[in-house]
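Student: no sequence for this one, just the structure:
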């Protein structure tokens, strides 16, 4: 039986969402404070995650909440290894600029979360032609977390310069799970007004007209 | 030079975001109305998209805005083909239930958007160890769109039962682009209070305790 939710949002409410979206930043270790995140805020963030869309209502997400110094040290080691390799891919001035950037906040953030995709052991409605939509459901949950954290004035950074297989081993993850992302969360001493890589002119902001096509390319 | 944004959100504002997140639904053709979406709302939705996080500020997203009946017909044809194959993967009662579901809204929704990942032609900061984070950036943009649309009382549905290569051909997409998702957007005659697949008990909602782990699995 169909039950509708009659909640309509006002333009003012929509504009508040837009403000949260635009003020969200990737936060690294030079901005986190040591202040613990209250458990009720962690709970609201995780509830936002599991209310993301998921293909066939499969909810294929799993979250490992990490605060242990010992585990953080092992994660940091794979970051260091991968980051050293990564640095070599950039040349001259770009490499020097790369090496000056703080690209994670594993120790500085009081809370780390590793987020995995857990493969279903049966066909999933909607996942039969494009198998990757299962992974994409997990990413939708990640974006919900990011926005919810920002609305709670909590910063989050995505650490992608890691060996996902090593992270799986460190966290004793099931063989069939796939690491989607590793995240650092904490209160901050301020959110940057602009993405750092935009301010540094590492990359320029793209024009809308270069990204939007009508009917076909 | 670092410029900070001192905007702090209140718990009431955070709770509004939570309400938008929880009230977002996957909307299909049985709920869309014919009412055109105002251009300023389309613009706000697309601006929300391009303010998503992207690895190395790479902004690897491209959007094809589709209203043409002829293109919709060709997209619908690949849906029909893939959906017929998909139906056979479910058995007995589940297959009958599958066949009763309306799983897209390609014709009914006034606006369709195909969203692509455009590969960078150089190393991307943060994408050097886990190449898939480029695709994940596009999914973050998609979730921003979904939430922004819901806050504007516009429904959106993700159509994943399509052959991505056929969609690329239909839309004349560049060889190196990858289709991430195909979406239907429009005003609705109401948002379901609960995900349809939850109401139908196609899948049960998972317990938080089954998805959250402390320190390791």
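Tutor: Perfect, I can see it now. As the structure is a prediction and not an experimental result, all values here were calculated from the model.
Student: tell me the SS of residue A:180?
Tutor: Secondary structure state of residue A:180, per DSSP: H, G, I helix; E, B strand; the rest coil, is strand.
Student: Relative to residue B:125, how far out is it?
Tutor: Using C-beta to C-beta, to the nearest Å, residue A:180 is found at 19 Å from residue B:125. Bear in mind the C-beta positions are built from the backbone N, C-alpha and C, glycine included.
Student: Neighbour count for the two, which is higher?
Tutor: Taking other C-beta atoms under 10 Å in any protein chain shown, residue A:180 and residue B:125 do not tie; residue A:180 has more neighbours (26 against 22).
Student: residues touching the more buried one, list them.
Tutor: Contacts for residue A:180 were tallied using C-beta atoms under 8 Å, 6 or more residues apart in numbering or on different chains; they are A:115-117, A:135, A:138-139, A:142, B:136.
Student: just for chain A, where's the confidence low?
Tutor: Applying pLDDT under 70 to chain A flags residues A:1.
Student: in it, which spans are strands?
Tutor: Using DSSP state E, the strands of chain A run over A:4-5, A:61-66, A:111-117, A:154-159, A:178-187, A:191-192, A:212-214.
Student: tell me the most buried of those strands?
Tutor: Comparing the strands of chain A by mean neighbour count (mean count of other C-beta atoms under 10 Å in any protein chain shown), strand A:154-159 ranks first with a mean of 26.
Student: To residue B:84, which of the strands of chain A lies closest?
Tutor: Judged by C-beta to C-beta, the one of the strands of chain A that comes nearest to residue B:84 is strand A:111-117, at 27.4 Å.
Student: contact partners of that closest one?
Tutor: For strand A:111-117, contacts defined as C-beta under 8 Å, 6+ apart pick out A:37, A:42, A:60-67, A:71-72, A:75, A:106, A:134-135, A:138, A:141-142, A:145, A:167, A:171, A:173, A:177-186.
Student: State the distance from the closest residue to residue A:37 other than its chain neighbours to residue B:26.
Tutor: Once flanking residues are discounted, residue A:37 sits nearest to residue A:111: 5.5 Å by C-beta to C-beta, 6 or more residues apart in numbering or on different chains. Residue A:111 is 30 Å from residue B:26, where distance means C-beta to C-beta.
Student: do residue A:148 as well
Tutor: Going from residue A:148 to residue B:26 by C-beta to C-beta gives 20 Å.
Student: Residue A:71 too?
Tutor: Taking C-beta to C-beta, one finds residue A:71 at 36 Å from residue B:26.
Student: Can you pick out the residue with more neighbours from the two?
Tutor: Using other C-beta under 10 Å, the more surrounded residue of residue A:71 and residue B:26 is residue B:26, with 23 against 19.
Student: can you give me the helices in chain A?
Tutor: Assigned by DSSP state H, chain A shows helices spanning A:11-23, A:39-50, A:69-87, A:92-100, A:133-151, A:164-170, A:196-199, A:208-211.
Student: Pick the most deeply packed of those helices.
Tutor: By mean count of other C-beta under 10 Å, the helices of chain A have helix A:133-151 as the most buried, with a mean of 26.
Student: right, and the pair among the contacts of residue A:180 with maximum separation?
Tutor: The most widely separated members of the contacts of residue A:180 are A:116 and B:136, with 13.5 Å between them, by C-beta to C-beta.
Student: What's opposite the closest residue to residue A:183 other than its chain neighbours in the beta bridge?
Tutor: Excluding the flanking residues, the one nearest residue A:183 by C-beta to C-beta, 6+ apart is residue A:113, at 4.7 Å. In this entry, residue A:113 is beta-bridged to residue A:65, residue A:183, by DSSP bridges.
Student: could you measure residue A:113 against residue A:23, distance?
Tutor: Distance of residue A:113 to residue A:23, computed by C-beta to C-beta: 21 Å.
Student: Same question for residue A:171.
Tutor: From residue A:171 across to residue A:23, the span is 31 Å (C-beta to C-beta).
Student: now do residue A:205
Tutor: Distance of residue A:205 to residue A:23, computed by C-beta to C-beta: 16 Å.
Student: quick one, phi psi at residue A:101?
Tutor: In terms of degrees, to the nearest 10, the main-chain angles of residue A:101 are phi -80, psi 140.
Student: can you pull the contacts of it?
Tutor: Counting by C-beta under 8 Å, 6+ apart, residue A:101 makes contact with A:196, B:125.
Student: what do you get for residue A:5?
Tutor: With contact set as C-beta under 8 Å, 6+ apart, residue A:5 has these partners: B:23, B:190-193.
Student: And for the closest residue to residue A:68 other than its chain neighbours, the neighbour number?
Tutor: Closest residue in space to residue A:68, ignoring its immediate chain neighbours: residue B:215 at 5.1 Å, by C-beta to C-beta, 6+ apart. Look at residue B:215: counted by other C-beta under 10 Å, it has 14 neighbours.
Student: Distance of residue B:215 relative to residue A:22?
Tutor: 35 Å.
Student: How about residue A:162?
Tutor: According to C-beta to C-beta, residue A:162 and residue A:22 sit 28 Å apart.
Student: next one: residue A:205
Tutor: Taken as C-beta to C-beta, the span from residue A:205 to residue A:22 is 12 Å.
Student: Could you do residue A:159 as well?
Tutor: Counting by C-beta to C-beta, the gap from residue A:159 to residue A:22 is 23 Å.
Student: same thing with residue A:148?
Tutor: From residue A:148 to residue A:22 the distance is 15 Å (C-beta to C-beta).
Student: again, but for residue A:195
Tutor: For residue A:195 relative to residue A:22 (C-beta to C-beta), the value is 11 Å.
Student: what's the answer for residue A:63, then?
Tutor: Using C-beta to C-beta, we find residue A:63 at a distance of 26 Å from residue A:22.
Student: Same check on residue A:6?
Tutor: Applying C-beta to C-beta to residue A:6 and residue A:22 gives a distance of 29 Å.
Student: again, but for residue A:208
Tutor: For residue A:208 relative to residue A:22 (C-beta to C-beta), the value is 14 Å.
Student: Switch the contacts of residue A:180 over to CSV; also include distance to residue A:87.
Tutor: Listed next are those as CSV, based on distance: C-beta to C-beta, whole Å:
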residue, distance to residue A:87
A:115, 26
A:116, 28
A:117, 29
A:135, 28
A:138, 29
A:139, 26
A:142, 26
B:136, 22
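Student: tell me, how many neighbours does the residue lying closest to residue A:195 once chain neighbours are set aside end up with?
Tutor: What sits nearest to residue A:195 in space, not counting adjacent residues and going by C-beta to C-beta, 6+ apart, is residue B:57, at 5.4 Å. Using other C-beta under 10 Å, residue B:57 has 23 neighbouring residues.
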